[in-house]
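Asker: This is a predicted model, with the sequence first.
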Amino acid sequence: MSKRRLKSGRSREKWTDVLPKYLTHISHMQPVLKETRRIIIELDPVVFLEPELEILDQKRQEEEKRGTRTVRASSEFSAMYRSNIYEIIINFITNFRGKIRPIDLKDYIIDHLYEAIKALDTLQKITNPDERDLDKTYLYLLVKFIEEIIFPKGRNIENIYNKLLSNAKDFYECQRHLLQTHTFYREKLKNPEYFTIPGISPKVYQIINTITSLFNLEPNYGEFPERSNYEIPMLLKNDVFEPYIESTANAEEEAIENIAERIGLRVLDDIFLAPQAEFVEILLKHNFLIEVAQEDGKIRYVPQFSNETLVLYYSALASLRRGFLSKELVNWIAMNFALVMYMGILKWKLSDDNIFYGIFKDLQTSEKILPYLMKLSSFPNYLGMEKMKIRDSVQYRKEIFNFIGSQIDNLKELIDEVSKYCDKI
């Protein structure tokens, strides 16, 4: 009798598995900052006038010797972190000691270290280990605040669309950015799971742009199947998709229908693209469709679309079906939420000229914190996404970290709002 072989795989991580990993490097960073601040407080500012500032390097080496008993990986991180801090302090003193009095230099360094410590305190206390009173924690409040603006939950697609539209004037770029995954090239054209929703690739965004232009410039009109005596705008399917597909094989045909559904459209008679009945109601309420009476007595719905009109529907659908998001989209959304929370807390706690800001933004630091913040924010009480889809690959994380860093302007206004919100709560 043969034994059945079980397929190995990652076990489902619990809250109590993820939180300690998130806290690990924060717990190593805090003592380094506190000890450095104590050392600077005790120093006579006159030593800042020494050409080589040897006393600071001596202090750093002494502190590193104290940490030799810690776990090797943690010790290496602490040593790297400590070296970066002392390098920043030395550069700051070297650059400004001819312009600022030594006592003032000392005060600047002490104040900036204090701000950095407070930022870490907030990151450490972002949630409760046992999730009690979670609705009072920074993690819960910040996830819900950001979520309501760029990826809201709601009872139906119209409710979610309305929420998105109400914030689109100030945050549309953030809302769109949340759907445009950097790793779109990993998505399959024909997903084996029909309901899976991928991100918006550059090609799909081009298709949305084409659809918007054709609807506004030269649509056809046909009978509204759900309402007699009314006409809705229609496009020839081939006019939209032929430039983007290499053949009319089944995979491409199915992809066309999936793309159409995700932006509120449907294929009629296998020829036309037209708004779904549910989307027509939403469009009418926001004047994206205008009623125009025809000579034959019929009422024609004339479109006034923008790319935003269709992108927000895609976002509303993705939010409503967030349990069916592709692996790439889950990683992208979770990373953006984690980054906005992280940067919002830093902006709240650190002054704009804080000399240690760069350490927090550095990939060596953020990659130790953000991956676990991604997972924490994906649990059911928060974003409610499938956290098992979040990749643990270091190389993968670096790729999306670096790309988001280059796209940070898309999130700047939202980060500012999160910072202000932190101040309120």
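Answerer: Cool, got the structure.

Asker: Isn't Val47 up against Leu53?
Answerer: Yes - judged on C-beta atoms under 8 Å, Val47 makes contact with Leu53 at a distance of 7.4 Å. Using the backbone N, CA and C atoms, a C-beta is placed for each residue, glycine as well.

Asker: Now do the strands for the stretch 251-400 of the chain: every range, in order, please.
Answerer: Assigned by DSSP state E, counting those that start in this stretch, the stretch 251-400 of the chain shows strands spanning 265-268, 272-275, 289-293, 299-303.

Asker: Tell me which of the ones you listed sits most buried.
Answerer: strand 272-275 (a mean of 25; mean count of other C-beta atoms under 10 Å).

Asker: picking up where we left off before, and the strands of the stretch 251-400 of the chain as CSV, adding distance to Ile408?
Answerer: Listed next are these as CSV, based on distance: least, C-beta to C-beta, whole Å:
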stretch, distance to Ile408
strand 265-268, 33
strand 272-275, 35
strand 289-293, 36
strand 299-303, 34
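
Asker: what's the closest of the ones you listed to Pro219?
Answerer: When the strands of the stretch 251-400 of the chain are compared by C-beta to C-beta, strand 299-303 sits nearest Pro219, at 6.3 Å.

Asker: Just give the strands next to that closest one in its sheet, each with its orientation.
Answerer: Strand pairing for strand 299-303, using DSSP bridges, gives strand 230-236 (parallel), strand 289-293 (antiparallel).

Asker: Run through who's touching it.
Answerer: The contact list for strand 299-303, computed with C-beta atoms under 8 Å, 6 or more residues apart in numbering, reads 215-216, 219, 221, 224, 229-233, 280, 283-284, 288-294.

Asker: quick one on the thing from earlier: Val47 and Leu53: which has the busier surroundings?
Answerer: Neighbour tally, Val47 and Leu53, criterion other C-beta atoms under 10 Å: the higher count belongs to Leu53, 18 against 14.

Asker: Does anything pack onto the longest helix along the chain? Which helices or strands?
Answerer: Assignment by DSSP state H gives helix 15-42 as the longest helix of the chain. Applying 3 or more C-beta pairs under 8 Å, 6 or more residues apart in numbering; DSSP states H and E, one finds that helix 15-42 contacts helix 54-66, helix 72-96, helix 102-124, helix 363-378.

Asker: Helix 72-96 and the shortest one, what's the angle between them?
Answerer: If I follow you right, that is helix 54-66. For helix 54-66 against helix 72-96, the angle by axes from the mean of the first three to the mean of the last three C-alpha atoms, to 10 degrees is 170 degrees.

Asker: Quick check: which ranges of the stretch 101-250 of the chain have low pLDDT?
Answerer: 188-194, 245-250 (pLDDT under 70).

Asker: Could I get the full set of helices for it?
Answerer: 102-124, 138-150, 157-177, 202-217, 237-241, 250-262 (DSSP state H, counting those that start in this stretch).

Asker: just to revisit the earlier point, of the contacts of strand 299-303, buried ones?
Answerer: Buried residues within the contacts of strand 299-303, counting neighbours by 16 or more other C-beta atoms under 10 Å: Phe215, Pro219, Tyr221, Phe224, Tyr230, Glu231, Ile232, Pro233, Val280, Leu283, Phe288, Leu289.

Asker: Surely Asn410 is in contact with His177?
Answerer: Yes - using C-beta under 8 Å, Asn410 is in contact with His177, at 4.1 Å.

Asker: Tell me how far the closest residue to Glu386 other than its chain neighbours lies from Phe151.
Answerer: Leaving out its chain neighbours, the residue that sits closest to Glu386 by C-beta to C-beta, 6 or more residues apart in numbering is Val330, at 6.0 Å. In this view, Val330 and Phe151 are 12 Å apart by C-beta to C-beta, to the nearest Å.

Asker: I'd like to know how far Thr94 sits from Asp104.
Answerer: With C-beta to C-beta as the criterion, Thr94 and Asp104 are 15 Å apart.

Asker: for Glu226, same thing?
Answerer: According to C-beta to C-beta, Glu226 stands 73 Å off from Asp104.

Asker: ok, Met234 touching Leu268?
Answerer: Yes - using C-beta under 8 Å, Met234 is in contact with Leu268, at 6.9 Å.

Asker: what is in contact with these two at once?
Answerer: With C-beta under 8 Å, 6+ apart, Met234 and Leu268 have common neighbours Gly222, Ala274.

Asker: would you turn the strands paired with strand 299-303 into JSON lines with distance to Phe77?
Answerer: Formatted as JSON lines, the strands paired with strand 299-303 follow (distance: least, C-beta to C-beta, whole Å):
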{"stretch": "strand 230-236", "distance to Phe77": "56"}
{"stretch": "strand 289-293", "distance to Phe77": "57"}
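
Asker: what sits against Gly98?
Answerer: For Gly98, no contacting residues are found, by C-beta under 8 Å, 6+ apart.

Asker: Against Lys125, how distant is it?
Answerer: Distance of Gly98 to Lys125, given as C-beta to C-beta: 40 Å.

Asker: Ok, Cys174 next?
Answerer: 26 Å.

Asker: between those two, which one's more packed in?
Answerer: Cys174 (23 against 13).

Asker: so for the longest helix of the chain, what's the average pLDDT?
Answerer: Here helix 15-42 scores 93 as its mean pLDDT.

Asker: Buried residues, that helix. List them.
Answerer: Buried-residue list, helix 15-42, by 16+ other C-beta under 10 Å: 15, 18-19, 22-26, 28-30, 32-33, 35-37, 39-40.

Asker: picking up where we left off before, of all the strands of the stretch 251-400 of the chain, which one is nearest Leu414?
Answerer: strand 265-268 (28.8 Å).

Asker: For the closest one, which helices and strands make contact with it?
Answerer: So strand 265-268, by 3+ C-beta pairs under 8 Å, 6+ apart, packs with helix 250-262, strand 272-275.

Asker: quick one: which of the ones you listed is nearest Val394?
Answerer: The minimum distance between Val394 and these falls on helix 250-262, with 31.6 Å, by C-beta to C-beta.

Asker: And Thr212, how far from Ile263?
Answerer: From Thr212 to Ile263 the distance is 10 Å (C-beta to C-beta).

Asker: got any residues that touch both of those two?
Answerer: Joint contacts of Thr212 and Ile263 (C-beta under 8 Å, 6+ apart) are Leu310.

Asker: between the two, which one's more packed in?
Answerer: Ile263 (24 against 19).

Asker: can you pull the contacts of the more buried one?
Answerer: Ile208, Ile211, Leu310, Val311, Tyr313, Tyr314.

Asker: So which residue is dead centre in the protein?
Answerer: Nearest to the geometric centre of the chain sits Asn336, at 1.2 Å (C-alpha atoms, centre = their mean).
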